[in-house]
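Chemist: heads up, no residue letters with this:
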């Protein structure tokens, strides 16, 4: 039996959502920055540890500058997981994300919500972890789409979690 789960990438513009999307789906990375308009959708079939196959339908949404509430509701409906991405080099992308996370958790109560700090290749992991802890910034994983650090691992762990 093949499972199918919808996963939506959310966050400010320029945090690396599309880079994470392309790294996980196609194992590609580009230094070229292109703004996502609307949404881009792709599927990746993965093998779960128990032998089942999962079709992860990943929605790469356009970035926002104010609030995740600005995201079209049609992009969020039917989701099994939200991945909120912030840029570890831009404090403005994570400083006030608690409002966005609260909105997602209160509005979409049965949807798994994970937080990724991306662009780890640009800073020291030790320093950014210290800074995030000082700001009480929640995160589930720190990644680098450029170097592929923790990207595959994160998505595979998410796949296991949303299929339990």
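Modeler: Structure's in. What do you need? Quick caveat, the model's predicted, so the values are computed rather than measured.

Chemist: where along the protein do the strands fall?
Modeler: For the chain, the strands defined by DSSP state E occupy 2-10, 39-47, 53-61, 81-87, 112-118, 141-142.

Chemist: can I get these in TSV with distance to residue 18, mean neighbour count and mean pLDDT?
Modeler: Quick note: C-beta positions are derived from backbone N, CA and C, even for glycine. What follows is the strands of the chain, written out as TSV (distance: least, C-beta to C-beta, whole Å; neighbours: other C-beta atoms under 10 Å; pLDDT from 0 to 100):
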stretch	distance to residue 18	mean neighbour count	mean pLDDT
strand 2-10	8	20	95
strand 39-47	7	14	94
strand 53-61	5	20	96
strand 81-87	10	24	97
strand 112-118	11	23	98
strand 141-142	18	20	98
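
Chemist: mind putting those strands into CSV with distance to residue 161?
Modeler: Putting the strands of the chain into CSV (distance: least, C-beta to C-beta, whole Å) gives the following:
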stretch, distance to residue 161
strand 2-10, 10
strand 39-47, 13
strand 53-61, 11
strand 81-87, 8
strand 112-118, 6
strand 141-142, 12
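
Chemist: ok, which of those comes nearest residue 106?
Modeler: Set against residue 106 and scored by C-beta to C-beta, those come closest in strand 112-118, at 10.7 Å.

Chemist: same for the closest one, what does it pack against?
Modeler: helix 17-26, strand 81-87, helix 97-107, strand 141-142, helix 151-162 (3 or more C-beta pairs under 8 Å, 6 or more residues apart in numbering; DSSP states H and E).
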